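>>> Quick one, structure for this:
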Amino acid sequence: MEITHIEHLGIAVKSIEACLPYYEEILGMKCYNIEEVADQKVKTAFFKVGQTKIELLEPTSEDSTIAKFIEKKGEGIHHIAFAVPDVQAALNEVEEKGVKLIDKAPRGGAEGLNIAFLHPKSTCSVLTELCMPGNK
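So this is what the prediction gives:
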């Protein structure tokens, strides 16, 4: 599998609005995009650091994956996302190598990306996202 770069680090937060001052006023980054991904029950905020992004993930429903993550582990790093040229090809390759998949096929994510997740049981306990530009 060819990984071109770290696309983003996903950080689970209870409130994007409460976290914005830290990222903008303390760290000096500028939030350039806030959007809701309704089918994932999450609101996202993005900051760019070089070629890599920081993605804040706020649950929009108590039964969302992010809400469950925060309830179980607290706020903090949720996942790492690697950019690949072809998500489906990468999924096929890692599955052939015995990696357990959360997503068998790419789906739409924030910022118009096509995304898929690998199960942390197969990735040294790190939730791993594979992504590539998609159609908005």
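
>>> How about the backbone phi and psi for G10?
phi -90, psi 130 (degrees, to the nearest 10).

>>> give me the beta-bridge partners of it?
Note on G10: beta-bridge partners E55, H79, judged by DSSP bridges.

>>> got the contact list for it?
By C-beta atoms under 8 Å, 6 or more residues apart in numbering, the residues touching G10 are 55, 57, 77-81, 129. Just so you know, the C-beta spots here come from the backbone N, C-alpha and C atoms, and that holds for glycine as well.

>>> of all the residues you listed, which comes closest to K43?
L57 (7.7 Å; C-beta to C-beta).

>>> in what helix or strand does that closest one lie?
According to DSSP states H and E, L57 maps onto strand 52-59.

>>> Report the mean per-residue pLDDT for the helix or strand following that strand.
Beyond strand 52-59 on the C-terminal side, the first helix or strand identified by DSSP H and E is helix 65-73. Looking at helix 65-73 alone, the average pLDDT works out to 97.

>>> For the strand holding L57, output the C-alpha coordinates as CSV.
Taking C-alpha atoms only, strand 52-59 is exported to CSV below (Å, rounded to 0.1, in the frame of the first residue of the first chain):
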residue,chain,number,x,y,z
THR,A,52,-1.4,17.7,7.8
LYS,A,53,-4.7,18.7,9.3
ILE,A,54,-6.1,18.5,12.8
GLU,A,55,-9.8,17.4,12.8
LEU,A,56,-11.9,18.1,15.9
LEU,A,57,-14.8,15.7,16.2
GLU,A,58,-17.9,16.7,18.2
PRO,A,59,-20.8,14.3,18.6
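
>>> And the contacts of that strand?
With C-beta under 8 Å, 6+ apart as the test, strand 52-59 has contacts from 5-16, 19, 23, 29, 41-48, 66-67, 70, 78, 81, 110.

>>> Show me which of the residues you listed are buried.
Neighbour-count burial (16 or more other C-beta atoms under 10 Å) is assigned, among those, to 7-13, 16, 19, 23, 29, 41-47, 66-67, 70, 78, 81, 110.
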